[in-house]
Each structure stands twice: as C-alpha cells, then as structure tokens.
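Peer 1: Next one to model:
(2 chains)
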Amino acid sequence: MTFALITFQTLLVLAAAPAVIGMIRKMKARFQNRQGASIFLPYWSLLSLFKKEMTVTRHSSWVFRVVPFVVFGSALFLAIAIPSFAAGILSASLSNIFLVGAVAALGSVFLVFGGMDTASTFGNMGSSREMTIASMIEPALYVSLASLAAFASFWSLDGIVLYFASVPMYTTLPAALSLIALVFVLLAENARYPVDNPATHLELTMVHEAMVLEYSGPYLALLEYASWIKLTAMLALVANLVFPWGILVAPFAGFAFVVALAAFVIKLALGAFVIAYIESTIVKMRFYRMQEYTSLALIIALGGLAVVLFTFAI
Amino acid sequence: MTKESLMHELQLRGEGTLQVPPQDLRMHAEMCVALGAPLVFMYATEEANAFRVHAVFSAEDGFITLASDLPKSSPSFPSLTRSIMAAHWFERLMHDQFGIVAKEHPDWRRLMHHENIPEGTHPMRKEFMWNTKLDHANVPYPMHAVEGKGVYEIPVGPIHAGIIEPGHFRFNVRGERILTLEGKLFFKHKGVEKLVEGKTPEEAFPFIERISGDMVVGHSLCFAQALEEASGITISERAKYLRVLWSELERASAHIFDIGNMGGMGTGFTFMAAQGFRMVEEMRRMYASLVGHRFLRGAITIGGAHDIDESGAAEILNTIDRIEREMKRILQIAYGSDGLMERFETTGVLSNEAAKAYGARGVPARASGVAFDVRTAHPYAAYKELGVNVVTEKVGDVAARFKVRDRELTESLRLIREVLAKLPKGEVQAKIAFKEGSALGAVESWRGAVINFVRLDSSGKIDRCAISDPSFCNWPLFGEIGPGNIVPDFPLCNKSLNLSYSGTDL
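Peer 2: Modelled structure (predicted):
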C-alpha cells in the first residue's frame, strides 16, 4: 500500500508540474489583460522538445551530457521525498531536511556545471549568478527548515507536515515567520521574481535560462521538466504547511483519497496564483540588491527561529 | 549665436556654404563650437576635381556649413575629433565612403565596412558601381580590451536570443561591473545613399521611407523638405499642418511603445509592456485605415502630405483621448512602483557634458539637460505657429529618459489636438518640378534630429544624398552610459535609448 502511494504521489507531481507552469503563465497573462496560452501548452512543449533533434557542441565534455540526468534525478527525488499528496507514507529519514536540502543543492550545482562546461559566455555568467544566489539563500533555507523541525520536533519534512496536519491551526501560528522565509527561499531557488525572470529573452539578464542556453532537444526537455517538478514539489510543501488540510494520512480510505486529490489541485492552483500575482505586481530586482533580498529572508528565518524557541520556553 | 555674428567672428563672408582651406577647417570648427554652435553633421561630396568635406553647425537661426576641397589624389584634412568628439564617427564614415583621411584621428579603424570588405573600397565615389562584386577579405577589426586580474570579456551578438537586429557588443567586466563597453554595428549595409544617386526624387522616395522602419515620417519629411528647398517648392498651409499631425502621431506611438518596453521588457514589469504594445497596435491599425500603411508610409509626400477628412479627424481624436486616459493610469502605477523607479534611477547615467561632447540627439540629449529640439531651434512645417514646449530633464539616467518620453507624449497629443482644431482649408499637394540645387533638411523625428543634405543635378536627379540618422550619433553614447553599471542592467539602458540599427547602417 505504502509503495503504491509513493508511486502515485510521485507520478502525480510529475503529471501536475507542466500544468502548474501553464497555470502560472495563464494567470500572468490574465493579469496583463492578455488571453494567454492554454495551461496544457507546457505538455506539448515538453513533447516537442523530446521529439526534436539535439545539438551538442564539440567543445563540451561528458559533464554536459551527465548534467540533465543528475538534475532530473534530483528533481525526481524531491517529488518522491516531499510530502505533497500524502504524509506518513515514507520512512521519515528519506525526507530529512538536510538530505532534501542537499539533494536539491546537488541538482543546482550540476546545473551550474552544465552551464560552465561549454565555456560559453552566457552559461558562465548564469552559473556565476546562480552560485552567488544559491550561497546567499542557503542559510535562510536551513534556518527556516530547522525552525520548523524544532517546532514540530521532527527532522523530516514528513514529520513536520504530519504535525501541522494533526494540531489545530492556531497553534501553528508561531511558525508563520519561518514559513514566510521559506516562501522567499522558494522564489529564489526556483528562479522566479524578484530574483530571476523566467520569461525573459534578454540573455544578459538571465540566470537559470542562461545556464540551459546551450541545451537543446531532449536534454533541454529534461532540464526544463526538472525545474518545473522542483517548483511543483516545493510549492506543494509550502502549501501543505500554510493550509494543513486535506493531505492524505493513514488510514488511507477511499473518500479521503478523493478529498486529498482535490486539496492537492486547489493548493497548487493557489500557489500558482500567488506566484503569478507576485510576478505581475513587482519588478525584477537589480542583481546587486540580491543580498538585500537574501539577508531579509535570513533575518525573517532567524526571527522565526527565535519565535519558535521562545514558544518552547514558555 | 546667430549666423550673422558667427560669420563675423570667423571673419568669413558668403552665402550658403563657406569655403575654407583644409588646414583651417579645424580652427574654424573649434571656434564655431566654442561660440555655441555645435557640430551636428559632417558629410563629403565628390566634385569635378576634388572631394569636398562639409561640417554643419547649428547656429541660433539656422545651419552654417563649412566646406573644404581636398585633392582627389590624396584627400586628407586635419581631424576635428581631437577637439570635437561629435566628429568621431562622421570622419570614420567619410573614410569608408570616400577614402578621405582625417589626419591624427584618435581611433582610425573602419566603421561602416565590416571585416569582409577589402581595403581601399570606397563605395560613395562616383567611379564605384553600385553592383560591384567585392572580393571576400578578412581585415582585422581589433576591439578594445582591458587586461588585469579578474577582468573578463563578454561578447554579445550579433545574433541575440530575442528577435532584434544584429549588433555586436563587447563588454569588459569585473564580476558583474562593466569596465568598458563597445559596440560594433554595420552588419547589414543597405547602401541607400549610393542607391538613390541618379534616381529622380520620386524614385528615391521609397528608399528613404524604408531607412528605419519605425521612423518613416521622420526620414521622409526630412528628405522632402531638403528637396523642396533645393527646388524652391512652396507647400500649402494645410500640408504644413498635416505634416505636424503625422510627425506627432509617429512620435506618440513610438513613445508609448518605449514607455511600455522600458517598464515591461527592461525590468520585467510585464503589464506595462502588454498594455503599451496593445495601444501601439490600436494606433497602427488607425494609421492603416487613415493612410493605408501601419507604419505611416505615404503620410508624407514631396510637396505635400496625406490628407484627412472629417471622419478621420474624429477617429484620431477619439483614439488619442482614450489612449491618453489609459496611459495616465498606467504611468500612475509605474511611478507608484518603488521597485520600478529603483531600477530606473541612477541606471545608465549620461552626463550633460558627455551628451554635448558626443553630439547626442533627441531624447537622451534632452534627458541630460541639452535643450535642443529642431522643432523650436529651426522650425519647419507649422511648428512655429503651433509652438512646442521642449521637454528636458537634468539627471540623464534611465528614469530621466522615461520622464522625457512621458512628457513629450503629452506634448505630442496636445499638438495633435491643436492641429486638428486649426487645420486650414485648401489644397494639400503642391505642384512639383525639380531643378538643379542643393539644400539641407532637418527634422526632429521621435528619436531625435534627422539631418539630410540633398543635391540635384541639372536634370533634376539626385547627385548626392547624405543622411544622418539620430541613431548614428547616439550609438557611441553606450561607451559612456555602460561603464559603472552592472551587466544585467545593460538591456534596460539599451531600451531607454531605443536606437535603430537599420538607420545607422544606411
């Protein structure tokens, strides 16, 4: 049963990822009074990329060819480990916060290698920026996750989500700051506003797009898909903490299954709406102000930690 | 300073072009500039037994042209660039076109010719046939490089990620900070100046309209004015007002596009782009229904302009009323967004001194406090009667250029309304007959001043047509604007200038 649920959850995240991106794009278009493309367009984009011929430059090494698989593997792990649809179905150690953080970082680092391997200007520029942002946002990531872990007394994301789902909502209020910090991290880690502009065609301003600029065809499809999966999984995690309802917990009854599925869809749609709203109302930050963004995230995370520890003290 | 007193100071006499010996050209030019008549244009012509270099200065009440005849065997003159920066590209261009050497020029590389053009190719000489097949050469074009620890070179283009015209930019950076920035343009030479030679003005007109796709009225009006002056054609009052109408409509739609593009594409404030581009599209459809062309081709004719009727005027009024209302709301949101203004302010500063030295034209110059606008400096069409408030800002950053566009848009819409209210009745098209002669034309297009020189031969055909597009004068500004900024802010600086590649590489 557990195994079947793990498989189902993973496939669900994989299947939902393109639609989440499609929803964000559609909502952004609506915010601009545009009609926007169908939310199912990303599925077709992926399919057409998989069918396309691939060009790999002579000046690249084996690293270039390995990167898409490592990055996709890292995203796949996030889809498996992060409790997005059901909680309490995994061994707690697999979703240990440090393990999840490390695997996510592995994906980022290999993406950086991929950007640098061809020695193209933009790849290196994007890689340099990605490493700068990643190293600056990492403290906020771990502090906020650790505060949540301390609050829930579990070192696994699974335990944290279970704890949030099991207690009345008002008792989770002390963790609010940590959750806000986690949203900051989510935006930075997934190359969204105000850190990166996923829709830009200006090669000089790109971060994530610059790193994948040299990829084409199926490799590009893998990298794009990986970034969508990562966003979807992280969005589901934050949504499950902010709205700890409807997640599937034992006993896994038929009706609860339907409710959980509906909750999953609604939460992702809400998450997509929030991202689309943010990206329609603010501008991308100047790159040299990124440290202000990341320091703000860290300060909020530290504040969250203080609140959590204070809650324990009283 | 007026032409009269300038000539008195220079101790030169004469009507029209003032002939000076080549060795004195620099001295006279320096005096003109020092006396407050900036160098605005340089071009060369081929005479019976000499190449003639012309330098055009803008005095208070008109243009003053100094010219020097150089022997065909070894055409050379002392470079003006040493003391007058604005001559920099003009002198290099004249070398590529005619083989005229500006001695002691500080940066004597080719300009218009790319690497594949063989040395000694001078296509504007009469002996060079326009359809000559050139050998494939590989002449090196060294670009400026900075050496030092942690200094990197970023080559960008000429092929870009977006669909834009070709231009190569070479950044020398340390981290994200730009140390130097140099552009290399001229990848798609069209040879307009050569192609129009020997054609009648009517035959040449379509070429001029197509110099820069989004500046049709600017270029065609400038060309028409030069022709009319050279041949002594007077245009009707109604045509004068109509010319203002089409010029200001072109300016309005271009500024709306730029406002949307700077906010939307430059910083990622996407709703501005979506709204701005929608409004520009509405205006283009209106142009198509009024003139028959979305980019206003055919709005200006030699000796006249495209006429409108009552319903056309009503349509224009309705459209601009609605657009003004909507733009007001969008700009309110834009100015209210701290994030947006933070991106604009202090980015890409062009100092007043640099704007003057480089001979910057149009919006970037006015945003840096240079109050030059051909519409008021050398009024044409009906601008004298209508009066124009020249918009300037002081700071010279992206925000200043944004504000100049915003305020010029308001002024343009005011002018359009005034034209429609005062439009005189009567004939539009004047009778045209061309005769031998030459003249300068100058127009303030939405990008800045367009200045043309046209000379007709005895059969009324074009003997020489020298065109200077504002983009040509503003591209070198990047070397000034870029350094000190960070690489990801360059596209924003670029959008705040919005220069034409096609207009530069005629």
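Peer 1: Distance-wise, check the residue in chain B sticking out farthest from the centre relative to chain A.
Peer 2: For chain B, the residue at maximal distance from the C-alpha centroid (CA atoms, centre = their mean) is residue B:149, at 39.3 Å. Counting by CB to the nearest CB, to the nearest Å, the gap from residue B:149 to chain A is 16 Å. Placement of C-beta: from N, CA and C, glycine included.
Peer 1: State the three-state secondary structure for that residue.
Peer 2: Recorded secondary structure, residue B:149: coil (DSSP: H, G, I helix; E, B strand; the rest coil).
Peer 1: what does residue B:152 give?
Peer 2: Per three-state DSSP, residue B:152 ends up strand.
Peer 1: can you check the one 10 residues further on too?
Peer 2: Remark: residue B:162 carries the secondary structure label coil [criterion: three-state DSSP].
Peer 1: what does residue B:292 give?
Peer 2: Under three-state DSSP, the three-state class of residue B:292 is coil.
Peer 1: just checking, it touches residue B:286?
Peer 2: No: Residue B:292 lies out of contact with residue B:286 (CB atoms under 8 Å); the separation is 11.7 Å.
Peer 1: who's more crowded, these two?
Peer 2: residue B:286 (20 against 12; other CB atoms under 10 Å in any protein chain shown).
Peer 1: Excluding chain neighbours, what is closest to the more buried one?
Peer 2: Leaving aside its sequence neighbours, residue B:286 sits nearest to residue B:319 (CB to CB, 6 or more residues apart in numbering or on different chains; 5.4 Å).
Peer 1: So what's the residue count around the one you found?
Peer 2: 18.
Peer 1: Up against chain B, what does the stretch 151-300 of chain A have?
Peer 2: A:193-194, A:197, A:199-205, A:213, A:279-280, A:282-289 (CB under 8 Å from any CB of the partner chain).
Peer 1: Any stretches of chain A with poor pLDDT?
Peer 2: Applying pLDDT under 70 to chain A picks out residues A:1, A:90-93.
Peer 1: how close does the spatially most central residue of it sit to residue A:268?
Peer 2: Centroid-nearest residue in chain A, with CA atoms, centre = their mean: residue A:231, separated by 3.0 Å. Distance, residue A:231 to residue A:268, by CB to CB, to the nearest Å: 10 Å.
Peer 1: shared neighbours of those two, anything?
Peer 2: Both residue A:231 and residue A:268 are in contact with residue A:20, where contact means CB atoms under 8 Å, 6 or more residues apart in numbering or on different chains.
Peer 1: Next, give phi and psi for the closest residue to chain B within the stretch 1-150 of chain A.
Peer 2: Nearest residue of the stretch 1-150 of chain A to chain B, counting by CB to the nearest CB: residue A:32, 3.7 Å away. With angles defined as degrees, to the nearest 10, residue A:32 sits at phi -90, psi 10.
Peer 1: remind me which residues of chain B are low pLDDT?
Peer 2: Checking chain B against pLDDT under 70 turns up nothing.
Peer 1: Quick check: residues of it near chain A?
Peer 2: Residues of chain B found near chain A (CB under 8 Å from any CB) are B:154-156, B:160-162, B:176, B:265, B:267-271, B:273-275, B:278, B:337, B:339-340, B:342-343, B:347, B:486-491.
Peer 1: what's around residue 46, how many residues?
Peer 2: No chain specified, so I'll use chain A. For residue A:46, the tally of surrounding residues (other CB under 10 Å) stands at 20.
Peer 1: To clarify, I was referring to chain B.
Peer 2: 18.
Peer 1: longest helix of chain B?
Peer 2: helix B:310-336 (DSSP state H).
Peer 1: circling back: ok, of the residues of the stretch 151-300 of chain A next to chain B, which come out buried?
Peer 2: A:193-194, A:197, A:200, A:202-205, A:213, A:279-280, A:282-287 (16 or more other CB atoms under 10 Å in any protein chain shown).
Peer 1: CA-only coordinates of the helix or strand residue B:52 falls within in CSV, if you can.
Peer 2: Per DSSP states H and E: residue B:52 is located in strand B:50-59. The C-alpha trace of strand B:50-59 is given here as CSV (Å, rounded to 0.1, in the frame of the first residue of the first chain):
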residue,chain,number,x,y,z
ALA,B,50,38.0,67.4,-55.6
PHE,B,51,36.4,65.7,-52.6
ARG,B,52,34.6,68.2,-50.5
VAL,B,53,34.3,67.8,-46.8
HIS,B,54,31.3,69.6,-45.2
ALA,B,55,30.9,70.3,-41.5
VAL,B,56,27.4,71.6,-40.4
PHE,B,57,27.0,73.6,-37.3
SER,B,58,23.7,74.6,-35.7
ALA,B,59,23.6,78.4,-35.1
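Peer 1: Let me see the residues that make contact with the helix or strand that it is followed by.
Peer 2: Next along the chain after strand B:50-59, taking DSSP H and E as the criterion, comes strand B:62-71. Residues outside strand B:62-71 that contact it (CB under 8 Å, 6+ apart): B:3, B:6-7, B:16-22, B:24-25, B:28-29, B:32, B:37, B:40, B:47, B:49-58, B:76-77, B:100, B:378, B:440, B:442, B:451.
Peer 1: ok so, going back, now, of the residues of chain B next to chain A, which are buried?
Peer 2: If we count by 16+ other CB under 10 Å, the residues of chain B next to chain A have these buried: B:154, B:156, B:160-161, B:176, B:265, B:267-271, B:273-275, B:278, B:337, B:339-340, B:342-343, B:347, B:486-491.
Peer 1: Tell me which of these fall in helices.
Peer 2: Of those, the ones assigned to helices by DSSP H are B:267, B:270-271, B:273-275, B:278, B:339-340, B:342-343, B:490-491.
Peer 1: and residue B:440, that's in a strand?
Peer 2: Yes: counting by three-state DSSP, residue B:440 is located in a strand.
Peer 1: Distance-wise, check it relative to chain A.
Peer 2: Residue B:440 is 39 Å from chain A, where distance means CB to the nearest CB.
Peer 1: Look up how far residue B:227 lies from that residue.
Peer 2: In terms of CB to CB, residue B:440 sits 11 Å off from residue B:227.
Peer 1: Between the two, which is the more surrounded one?
Peer 2: Between residue B:440 and residue B:227, counting by other CB under 10 Å, residue B:227 is the more crowded of the two (28 against 25).
Peer 1: Where do the strands of chain B begin and end?
Peer 2: Counting by DSSP state E, chain B has strands at residues B:18-19, B:39-46, B:50-59, B:62-71, B:76-78, B:101-103, B:151-156, B:168-174, B:177-184, B:300-301, B:304-305, B:437-444, B:449-456, B:462-468.
Peer 1: quick one: strands adjacent to the last one?
Peer 2: Under the criterion DSSP bridges, strand B:462-468 sits next to strand B:449-456 (antiparallel) in its sheet.
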